[in-house]
Structure formats: C-alpha cells, structure tokens
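Q: how would this look folded up:
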Amino acid sequence: MNRRKALALIASGGAAAALVPAGCSIVQGLAGNPPGGGTPPGGGKPSGSRFSVPLRIPPVLNPTSSTSAQDEYDIVQSVASQEILPGQTTTIWGYNGIFPGPTIRVKKGRTAVVRHTNRLSTDTVVHLHGGMTPSDSDGFPTDMVMPGQTRAYTYPNQQRACTLWYHDHAMDQTGQNIYMGLAGFYIIDDDEELALPLPKGQFDVPLLLQDRLFNPDGSLLYNTFGNTGVQGDVMVVNGVAWPYFQVSPGKYRFRILNGANARPFGLALSNGSAFILIGTDGGLLPAPVSITNLPIAMAERVDVVIDFSTIPVGTSVYLINTLEQPSLQQLMRFDVTGSAANDASVPAQLSNPGFLTRPANATTRNWYLGPSFGGGHSGVMWTINGQEFDPNRSDASVPLGQIEFWRFFNNPASKMLHPAHMHLAHISKSWSGMADHPSLMKRHGRTRWLSSPAKRSL
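A: Residues are numbered from 1 along each chain as shown. All right, here's what the predicted structure looks like:
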C-alpha cells in the first residue's frame with residue numbers, strides 16, 4: 001500500500017479513521033512539539049508530558065536450560081502494572097509481566113522450546129509470527145492454553161536471519177489479548193548476517209509501534225466500534241507513550257514492528273532524511289534501499305538503518321507517521337548526544353535470499369477477502385472466497401514441492417486493510433510446504449488479520 005491509497009482509505013472512513021469516544025481522549029493532556037517535528041526554536045525541550053519518558057528496550061530472555069543443540073525458555077503470562085502514560089500506572093497482560101514481552105534471540109539451527117504458563121483469567125494461544133514451525137507449535141486459534149495450564153512450543157529455527165514476533169492468537173480474543181500487552185520480539189541470527197558490519201549490540205534496537213485508548217484513570221480502553229478494529233489517540237513505542245531515545249552520532253539498526261490493532265503507518269523522519277531499508281518480514285534484502293517514506297501495515301516488520309551522524313549533536317529528530325493528522329503524527333523523538341559513535345556500515349550487498357522462480361505452468365489461485373453481512377451473525381463476519389472460517393475445511397490441496405502463484409484481492413466493501421501472511425513457512429529455498437496443516441486459511445479473531453499459506457508478494 002502506498003501513501004495515496006492509504007489516504008484514500010482514510011477519506012472513505014476505512015481502517016485509518018479516527019475512532020475516539022467522547023470523554024476518553026487523553027491527547028489534550030499531553031502537550032508536545034509542533035507537528036512538523038524537529039527541535040523547537042532556541043533548542044529547548046518540549047513542554048508537557050510528551051517525550052518526557054525514555055524508550056524502554058525489552059530485555060533479552062535467557063534460556064532456562066541449554067544443550068548442545070537446544071535452548072529452553074519459560075514465560076509466564078500474567079497481570080501486571082506498568083507505566084505507559086507518564087506518571088500513571090496501567091494494568092496490562094504481559095509475557096513475564098512486561099509489555100512488550102522479553103525478546104527471544106536465537107541462532108539459526110538451534111531449536112528453541114518455549115514453555116508458556118497462563119496465569120491470566122482468559123484463554124490464550126501463542127503464535128510465532130513468520131516462523132517456520134511444526135504445525136503443533138503454530139499457535140492455531142483453537143489450540144487454547146487455558147488459565148493455569150502450561151504449553152510448550154517447539155521452534156526449529158531453520159530459516160534465515162529475520163525479525164519475527166510472538167503474540168496471542170486465541171480465537172475471537174486475539175485483538176484484545178494483544179491490546180492488553182501480549183506481544184514480544186523473536187529475533188533469529190545467522191552467520192551470514194553476523195558477518196556483516198551492520199550495527200550490533202546496543203545499536204541494534206527493536207521498536208514496537210502501537211496506539212492505545214485510555215480511560216481517565218489510566219486503564220486501557222478496548223472497544224472495536226463494530227468490526228473495524230481499535231485506533232487510539234496515544235502513540236506507544238515499546239510500551240511507552242511518546243518516548244524519547246538518546247542516540248550517538250552514528251548508525252543504528254531499528255527493527256520496526258507495526259503491532260497496532262488497525263492503524264497503518266507511513267514512517268518518515270521529521271527532517272526529511274532517508275531510512276536505509278535493509279530488511280523486511282523475511283530477512284535481509286539483497287541490497288539496501290534508500291527510502292524517505294516507508295509504509296508498514298499491521299503485523300509487518302521492517303529493518304532500517306538511520307545515520308545520526310548527519311544531525312548536529314544536541315538537536316532532535318522525530319519518527320513520524322505521515323498518514324496521520326498533525327496531532328498524531330509524532331511517534332517518538334531521537335535526541336542526538338555527544339557520545340562516541342560506532343563504526344558500523346551498510347554494505348552494498350547484503351544477502352542472497354534465494355527467491356523462488358515461478359514455473360510457466362504454475363497453478364494460479366485467487367483469494368478474495370471481504371465481509372459477509374447477515375447470515376444470523378450480529379455485525380460483520382470476514383470471509384475468504386465467500387466462505388467463513390471452518391477448521392474442518394481445507395481450501396487448497398497442493399502437492400509437496402509444487403510452486404503455485406497466489407493472488408489476494410481485497411473487496412472494496414470491506415473499507416479496511418487486509419495484511420496477509422502465511423503460517424509454518426516462508427517462501428524461500430527452504431520452504432517445506434504446508435501439507436500437514438488442518439486448515440490453510442485462517443481468520444484471526446477480532447484483529448481482522450488474515451493468514452494464508454502464501455505471502456502476498458509471491
């Protein structure tokens with residue numbers, strides 16, 4: 001989706017429409033800088049509460065135990081309190097009691113076993129988004145982890161380095177469960193990527209972009225306003241409302257995830273500088289791309305490098321969303337300090353992804369995404385090729401190893417985005433097919449995301 005299409009969607013009252021109930025907006029109480037971004041005249045700091053709290057970096061989870069080929073991790077899903085709004089505490093549902101959850105960082109070829117214990121009062125499911133996983137560890141929407149239960153998920157990590165995320169996936173509860181905090185990063189490293197001079201360590205930073213609505217007491221307000229999802233009036237990055245982040249005058253790698261319920265982002269820097277795009281959902285690109293406006297829809301990831309050496313020390317630049325009205329454009333602020341810079345660089349060649357080649361006689365399948373009205377349902381039900389989700393139905397049978405060409409069409413009547421992704425595999429040289437999956441097409445509860453066995457760029 002480009003900016004023009006997204007703006008047209010906004011104008012039509014689609015997924016990017018502002019949905020803020022009367023009396024629940026908290027924006028007016030959080031002052032900030034002029035919408036255009038940049039440092040205020042005279043180099044002063046912004047007034048009020050925006051950009052008054054530093055960015056939090058999710059901690060990397062240490063294994064509970066390890067062998068020569070496998071690491072085991074334990075995560076407890078629990079209720080906790082966290083400061084999202086400056087000076088207020090908010091009840092969240094967190095992996096290990098934090099939002100976002102701890103980052104799981106693994107090496108390609110080493111199996112990870114992640115045991116999740118549900119200490120919440122609601123059913124949950126865990127899905128490793130973008131992972132090549134066995135079907136019994138995919139996090140199918142009906143494979144519930146009931147309150148008090150523990151379930152182990154096995155991830156072989158036989159895929160190239162990339163930025164993934166794990167999140168709740170419970171049938172009809174996905175939207176609210178993620179909204180309450182059940183999301184975290186999962187990063188796979190491999191030798192090819194580690195050998196590159198890209199920013200590493202403290203200069204490799206995950207950013208989870210979201211938006212939230214809050215009640216006056218600071219509690220989260222989840223209201224889908226029908227079937228279009230939730231859009232908030234507070235921009236949240238890594239569980240902090242409008243944070244600031246102090247950076248050195250050098251290159252940083254940011255692993256950006258759109259974890260919003262229904263809001264797309266058109267990412268840009270307030271000073272007009274370009275991002276260096278180095279990776280997307282499936283890992284590193286063959287070569288870097290310079291881009292000044294980067295579209296990212298819900299659940300998608302992008303890896304970018306920002307060079308702060310071109311920005312004077314003591315000044316600031318903002319990460320903004322160009323698809324939004326001025327009061328909601330700013331997402332976070334980067335403050336360039338006088339600290340020593342790193343010596344990272346971005347090489348002209350990054351990787352060899354091993355793209356598939358479509359055979360001339362490849363079968364073509366069309367998938368039409370859209371709403372279904374009536375039929376005994378209250379509200380809208382989402383369909384694929386006119387059919388609602390049924391775990392006992394398979395919509396495609398593909399012989400293992402056969403390459404097909406799949407196209408996705410979004411019904412204009414839906415008036416919303418439909419990001420689609422496949423489960424259990426990536427489209428790459430190592431793609432192993434999905435013959436053992438009980439249902440090839442899934443509907444993700446109230447988040448309105450759709451999963452499929454083929455990436456829409458296939």
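Q: Isn't residue 353 up against residue 279?
A: No - Residue 353 is beyond contact range of residue 279, at 9.9 Å (criterion: C-beta atoms under 8 Å). C-betas here are computed from N, CA, C, even on glycine.
Q: So the two - more neighbours on which side?
A: Between residue 353 and residue 279, residue 279 has the larger neighbour count (other C-beta atoms under 10 Å), namely 25 against 18.
Q: list the residues that contact both of residue 353 and residue 279?
A: Residues touching both residue 353 and residue 279 (C-beta atoms under 8 Å, 6 or more residues apart in numbering): residue 285.
Q: Quick one: the helices in the stretch 151-300 of the chain, in order.
A: Taking DSSP state H, counting those that start in this stretch as the test, the helices found in the stretch 151-300 of the chain are 174-179, 191-194.
Q: for those, which one ends up most surrounded?
A: A comparison of those by mean neighbour count, using mean count of other C-beta atoms under 10 Å, puts helix 174-179 on top with a mean of 24.
Q: Residue 321 bridge partners, please.
A: On the basis of DSSP bridges, residue 321 takes part in beta bridges with residue 267.
Q: you'd agree it is up against residue 329?
A: Yes - assessed by C-beta under 8 Å, residue 321 is found in contact with residue 329 at 5.5 Å.
Q: Quick check: which ranges of the stretch 351-458 of the chain have low pLDDT?
A: By pLDDT under 70, the low-scoring segments of the stretch 351-458 of the chain are 373-379, 426-458.
Q: Do a quick rundown of the strands in the stretch 301-450 of the chain.
A: With strands called from DSSP state E, counting those that start in this stretch, the stretch 301-450 of the chain shows them at 301-307, 316-321, 330-336, 364-373, 380-384, 405-410, 420-421, 442-443, 450-451.
Q: quick one, the fifth one and strand 405-410 angle?
A: Orientation of strand 380-384 against strand 405-410 (axes from the mean of the first three to the mean of the last three C-alpha atoms, to 10 degrees) gives an angle of 160 degrees.
Q: can you check the longest one too?
A: Using the same axes, to 10 degrees, the interaxial angle of strand 364-373 with respect to strand 405-410 works out to 20 degrees.
Q: Now mean pLDDT too, for the helices of the stretch 151-300 of the chain, in JSON lines please.
A: Written out in JSON lines, the entries for the helices of the stretch 151-300 of the chain read as follows (pLDDT from 0 to 100):
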{"stretch": "helix 174-179", "mean pLDDT": "95"}
{"stretch": "helix 191-194", "mean pLDDT": "96"}
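Q: Quick one, which of those helices gets closest to residue 380.
A: Distances from residue 380 to each of the helices of the stretch 151-300 of the chain were compared using C-beta to C-beta; the shortest belongs to helix 174-179, at 13.8 Å.
Q: what distance separates that closest one from the centre of its chain?
A: Computed by C-alpha atoms, centre = their mean, to the nearest Å, the separation of helix 174-179 from the middle of its chain amounts to 13 Å.
Q: Domains in this structure, by residue range?
A: The chain breaks down by automatic domain parsing into domains covering 3-53+199-336, 65-194, 364-451.
Q: Make a markdown table out of those and add distance to residue 347.
A: Below are the domains of the chain laid out as a markdown table (distance: least, C-beta to C-beta, whole Å):
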| stretch | distance to residue 347 |
| --- | --- |
| domain 3-53+199-336 | 8 |
| domain 65-194 | 11 |
| domain 364-451 | 21 |
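Q: ok so, going back, need the strands of the stretch 301-450 of the chain in JSON lines (columns: mean neighbour count and distance to residue 159).
A: Converted to JSON lines, these look like this (neighbours: other C-beta atoms under 10 Å; distance: least, C-beta to C-beta, whole Å):
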{"stretch": "strand 301-307", "mean neighbour count": "22", "distance to residue 159": "14"}
{"stretch": "strand 316-321", "mean neighbour count": "24", "distance to residue 159": "28"}
{"stretch": "strand 330-336", "mean neighbour count": "22", "distance to residue 159": "29"}
{"stretch": "strand 364-373", "mean neighbour count": "14", "distance to residue 159": "24"}
{"stretch": "strand 380-384", "mean neighbour count": "19", "distance to residue 159": "26"}
{"stretch": "strand 405-410", "mean neighbour count": "16", "distance to residue 159": "20"}
{"stretch": "strand 420-421", "mean neighbour count": "20", "distance to residue 159": "14"}
{"stretch": "strand 442-443", "mean neighbour count": "22", "distance to residue 159": "20"}
{"stretch": "strand 450-451", "mean neighbour count": "22", "distance to residue 159": "17"}
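Q: Understood, closing this out.
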